[in-house]
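Q: Following is a predicted model, sequence given first.
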Amino acid sequence: MASSSLVLTVLMGVLLVAVAASLARLEDWRSYTPLSDVGGALGERTEHGHEEKPGGLVRWFTTVDHKDIGILYGVYGAIAFVWGGLAVLLMRIELAAPATNVIGPSLYNGLMTSHGITMLFLFGTPMIAAFGNYFIPLLIGADDMAFPRINAIAFWLLPPGALLVWSGFLLPGVATAQTSWTMYTPLSIQMSSPAIDMMLLGLHLTGVSATMGAVNFIATIFTERGDDVGWPSLDIFSWTMLTQSGLILFAFPLLGSALVMLLLDRNFGTTFFTVAGGDPILWQHLFWFFGHPEVYILVLPPMGLVSLILPKFSGRKLFGFKFVVYSTLAIGVLSFGVWAHHMFTTGIDPRLRASFMAVSLAIAIPSAVKVFNWITTMWNGKLRLTAPMLFCIGFVQNFIIGGVTGIFLAAIPVDLILHDTYYVVGHFHFIVYGAIGFALFAGTYYWFPMVTGRMYQKRFAHAHFWLGLVGSNLTFLAMLWLGYGGMPRRYATYLPQFATAHQIATAGAFLIAISTLLWVWNMVVSWKEGAKVDTADPWDLEETGQLTNDWEWYEQQRDTPVPATDGGEPDDGQSAD
Amino acid sequence: MSEPDTRGRRVVLWMYASAVAVSGLFGYVLGIIVYGDGGGPAGPLVEGSGAAYGSVGPVTFQLNPVNLGLFGVVSVGTLLGVGLLAIVYASERADA
Ligand code: HEM
Ligand SMILES: [Cu+2]
């Protein structure tokens, strides 16, 4: 065991060095790096910045342009989404009948672990970073991210991260990691598969990546804003990304340390989290001190996307903008004070429990403020029910269900009954798929014309929405029923009486799968052959005075015959000293 | 892309109505599959026999499909209704 994991580690190291070496030889990186020094924001602009990008694949491997990196993040996130989706489809097929029929319990547990970690760390965070990278510099009038190369490094840490996280499936003869995404000790110490060690290393890499990205976003938003973008006129998406990056800065390094401690416990005989000599509950504290902020790391930027997009199709400005910003900040601060609501049943001090319950209930208030503002924006508005708008409305609807079920879980007596049942799974899926997923889809449709110069296929986009909405509600409402009925989570088999609800959930999952296929198909085909957009303002935002900087950039972009090679406007670069 | 305008109020009211309807449906099905139709024909997830009872403040009621559906409609209807009233009020104040 130990020697095989050592060999794998060495092989992986050699591979990484080989990739780096071949990249370095292929091209002269510096010739098309927009900034001449080490990527510092203060670096002087060189004429190299306007050279053509290299063609073909080399461009994508060497790019430091925030838009290219945004697209890389997006493609990466989409691939991860497909993998996580296929894993869960297999699980749902198994769950269509009570006994073990298709896959055994250990494969089920492996898929479940992979699904959770993939969706949260390899789809959610990167997909948000995709939007952040592409659009934040445009929205705030910056030439690029503050540190373009750190930006590229942060992205390129992710693919090896994914290979490590998925290693149990990729390497024949190695048992999959079956710890679930929470990696609770002592189980995660006792399971011997090297796939777990590699998964921990992979998670560590994605954490480093997220932290580098966060530093970059913070620096960019603080220092790179255009002259006309002061704090009061900073858009709402940038506010949420800024807050999210702050959360990442405090949460992910802690996860990294905890992961290293777990690795030490597994491989070097330390006893941080062992039953004898250590404290398994310490792991839960550390994990959830990261884990709860992580759920807000995932939900705040999508909330920002909705706050940005929903008004555009309501024909009016976001109602109570200031309060939406304040509630974002409030959620950011409070999210560090609620972690033990995941541990109500572990026997921690009841007085502690009560205080965590209070803060958890309090965090519902800023969330409710946001919902209030979104709906008030719509109330007196004239809505245009385009695909991005439909997804925003779906976000609000699903977020209400996810939020209300969450409030109940935050009440100790309710949680004692529902903890570790399917109710919890239903609750958080309304948020992670029904809300976060929907907002990200809204983003892909909203900016599709800007990124590709073409329009997506409307009918497929609308079918995507309706199938996704019906599918998610079927699946996740059925999970709530299962939870009330006492079905525990994380099992490949169940008692016959749970069959009906499980079958409803499986049917819903297939609707979601079909809707996702429509999305992928639409994105790929419309990118290649969709109708060209003939205006720089495909959503008629000018009419209601809502043309944001990103669309103004797009307009200039369309007007200049020279292909721009960096994040800024070609003219702009010349005039800057 | 041109889309016909839809009045925001209509959409919001539809959202309200469907939320209330879904919670009614949710309670109804809950009553069937978890509480076995109030001790009637056993639902798949029922434990023990006979009817179960629940209470909200002073009101005690049997846990069967109709009552649970009603509970869903009334509770969610009130909760979101209060929110909706607040929205209407705020809109009138702000946009007047
Ligand atoms: C409205 C505020 C929210 C409250 C009060 C709340 C409350 C809770 C509580 C108490 C639990 C623990 C249940 C248990 O294990 O017994 C939980 C689980 C969970 N929640 Fe929420 N939640 C809220 C919003 C969110 C958001 C915004 C997300 C995601 C972005 C989210 C994702 C999750 C996840 C992933 C779990 C399951 C963790 C696990 O694997 O055990 N929740 N929530
Ligand atoms: Cu939490």
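A: Yep, it's here. All values reported here derive from a predicted model rather than from experimental measurement. Ligands and ions are numbered 1, 2, ... in the order given.
Q: quick one: the strands in chain B?
A: B:5-7, B:53-56, B:59-62 (DSSP state E).
Q: elements contacting the second one?
A: Read it as strand B:53-56. Applying 3 or more CB pairs under 8 Å, 6 or more residues apart in numbering or on different chains; DSSP states H and E, we find strand B:53-56 packed against strand B:59-62. Heads up, the C-betas are built off the backbone N, CA and C, glycines and all.
Q: helices or strands next to the strand it packs on in the packing?
A: strand B:53-56.
Q: quick one: buried residues of stretch A:179-196?
A: Under the neighbour-count criterion of 16 or more other CB atoms under 10 Å in any protein chain shown, stretch A:179-196 has A:179-185, A:188-189, A:193-196 buried.
Q: filter these down to the ones near chain B?
A: By CB under 8 Å from any CB of the partner chain, no member of the buried residues of stretch A:179-196 lies near chain B.
Q: Who are the contact partners of the residue most central in space within chain A?
A: Using CA atoms, centre = their mean, the residue of chain A that lies closest to the mean C-alpha position is A:Gly124, 1.8 Å off. Neighbouring residues of A:Gly124 by CB atoms under 8 Å, 6 or more residues apart in numbering or on different chains: A:Gly77, A:Leu298, A:Val432, A:Ile436.
Q: Taking those, please make a ChimeraX selection of just the buried ones.
A: In ChimeraX, this line selects whichever of the contacts of A:Gly124 come out buried by 16+ other CB under 10 Å:
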select /A:77,298,432,436
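Q: Leaving out the residues flanking it, which one is nearest to A:Trp181?
A: With CB to CB, 6 or more residues apart in numbering or on different chains as the criterion, A:Trp181 has its nearest non-adjacent residue at 3.4 Å, and that residue is A:Gly116.
Q: Whichever helix in chain B runs longest vs ligand 1: in contact?
A: Counting residues, the longest helix found in chain B (DSSP state H) is helix B:65-95. No - Helix B:65-95 lies out of reach of ligand 1 by CB under 6 Å from any ligand atom, never closer than 13.9 Å.
Q: just checking, what packs against that helix?
A: Packing partners of helix B:65-95 (3+ CB pairs under 8 Å, 6+ apart): helix A:350-379, helix A:387-410, helix B:8-33, helix B:36-39.
Q: what's A:Pro126 in contact with, if anything?
A: For A:Pro126, the contacting residues are A:Tyr73, A:Tyr76, A:Gly77, A:Ala80, A:Leu158, by CB under 8 Å, 6+ apart.
Q: Next: A:Phe272.
A: A:Met261, A:Leu262, A:Leu264, A:Asp265, A:Gly278, A:Asp279, A:Leu282, A:Trp283 are the contacts of A:Phe272 under CB under 8 Å, 6+ apart.
Q: Stretch A:316-329 vs chain B: in contact?
A: Yes - applying CB under 8 Å from any CB, one finds stretch A:316-329 in contact with chain B at A:Phe319.
Q: in that stretch, what's buried?
A: A:Arg316, A:Leu318, A:Phe319, A:Gly320, A:Phe321, A:Phe323, A:Val324, A:Val325, A:Ser327, A:Thr328.
Q: go on, stretch A:409-420?
A: A:Leu409, A:Ala410, A:Ile412, A:Asp415, A:Leu418, A:His419.
Q: Tabulate those residues (TSV), appending pLDDT.
A: Converted to TSV, the buried residues of stretch A:409-420 look like this (pLDDT from 0 to 100):
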residue	pLDDT
A:Leu409	93
A:Ala410	93
A:Ile412	92
A:Asp415	92
A:Leu418	93
A:His419	94
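Q: Looking at those residues, which is nearest A:Gly483?
A: A:Leu418 (5.7 Å; CB to CB).
Q: Show the pLDDT at the closest residue to that closest one other than its chain neighbours.
A: Using CB to CB, 6+ apart and skipping the chain neighbours, the partner closest in space to A:Leu418 is A:Gly483 (5.7 Å). At A:Gly483, the predicted lDDT confidence score is 92.
Q: With A:Ala129 instead?
A: The model's pLDDT for A:Ala129 equals 97.
Q: Can I get the strand or helix carrying it as PDB, trimmed to CA atoms?
A: Assigned by DSSP states H and E, A:Ala129 belongs to helix A:125-139. Extracted in PDB, the C-alpha atoms of helix A:125-139 (Å, rounded to 0.1, in the frame of the first residue of the first chain):
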ATOM      1  CA  THR A 125     -16.100  27.100  -7.100                       C
ATOM      2  CA  PRO A 126     -14.500  27.000 -10.600                       C
ATOM      3  CA  MET A 127     -17.700  27.900 -12.300                       C
ATOM      4  CA  ILE A 128     -18.100  31.000 -10.100                       C
ATOM      5  CA  ALA A 129     -14.500  31.800 -10.800                       C
ATOM      6  CA  ALA A 130     -15.300  31.600 -14.500                       C
ATOM      7  CA  PHE A 131     -17.800  34.400 -14.300                       C
ATOM      8  CA  GLY A 132     -15.600  36.300 -11.900                       C
ATOM      9  CA  ASN A 133     -12.600  36.100 -14.200                       C
ATOM     10  CA  TYR A 134     -14.300  37.000 -17.400                       C
ATOM     11  CA  PHE A 135     -16.600  39.700 -16.200                       C
ATOM     12  CA  ILE A 136     -15.300  41.400 -13.100                       C
ATOM     13  CA  PRO A 137     -12.500  43.200 -15.000                       C
ATOM     14  CA  LEU A 138     -15.000  44.200 -17.600                       C
ATOM     15  CA  LEU A 139     -17.600  45.300 -15.000                       C
END
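Q: Next secondary structure element downstream of that helix?
A: helix A:148-156.
Q: roughly how far is that following helix from the heart of the chain?
A: On the basis of CA atoms, centre = their mean, to the nearest Å, helix A:148-156 sits 17 Å off its chain's mean C-alpha point.
Q: So for the helix or strand just after that helix, what gets flagged as buried?
A: Using DSSP H and E, the helix or strand that follows helix A:148-156 towards the C-terminus is helix A:158-165. Buried residues in helix A:158-165, counted by 16+ other CB under 10 Å: A:Leu158, A:Pro160, A:Gly161, A:Ala162, A:Leu163, A:Leu164, A:Val165.
Q: in the helix or strand following helix A:158-165, what's buried?
A: Going down the chain from helix A:158-165, the next helix or strand is helix A:167-170, by DSSP H and E. For helix A:167-170, the neighbour count (16+ other CB under 10 Å) marks A:Ser167, A:Gly168, A:Phe169 as buried.
Q: For helix A:167-170, name the packing helices and strands.
A: Short answer (3+ CB pairs under 8 Å, 6+ apart): helix A:167-170 packs on helix A:105-117, helix A:194-223.
Q: any idea which of those helices is most buried?
A: helix A:194-223 (a mean of 23; mean count of other CB atoms under 10 Å in any protein chain shown).
Q: average pLDDT for it?
A: Mean pLDDT, helix A:194-223: 96.
Q: tell me the angle of it relative to helix A:125-139?
A: 10 degrees (axes from the mean of the first three to the mean of the last three CA atoms, to 10 degrees).
Q: List the residues that contact the residue of the stretch 101-250 of chain A found nearest chain B.
A: Residue of the stretch 101-250 of chain A nearest chain B, by CB to the nearest CB: A:Ile236 (17.9 Å). Residues near A:Ile236 by CB under 8 Å, 6+ apart: A:Gly304, A:Ser307, A:Leu308, A:Leu318, A:Phe321, A:Val324, A:Val325.
Q: Find the nearest non-adjacent residue to the last one, please.
A: It stands for A:Val325. With CB to CB, 6+ apart, the residue lying closest to A:Val325 is A:Trp239, at 5.1 Å.
Q: What count of nearby residues applies to the one you found?
A: A:Trp239 is flanked by 23 other residues according to other CB atoms under 10 Å in any protein chain shown.
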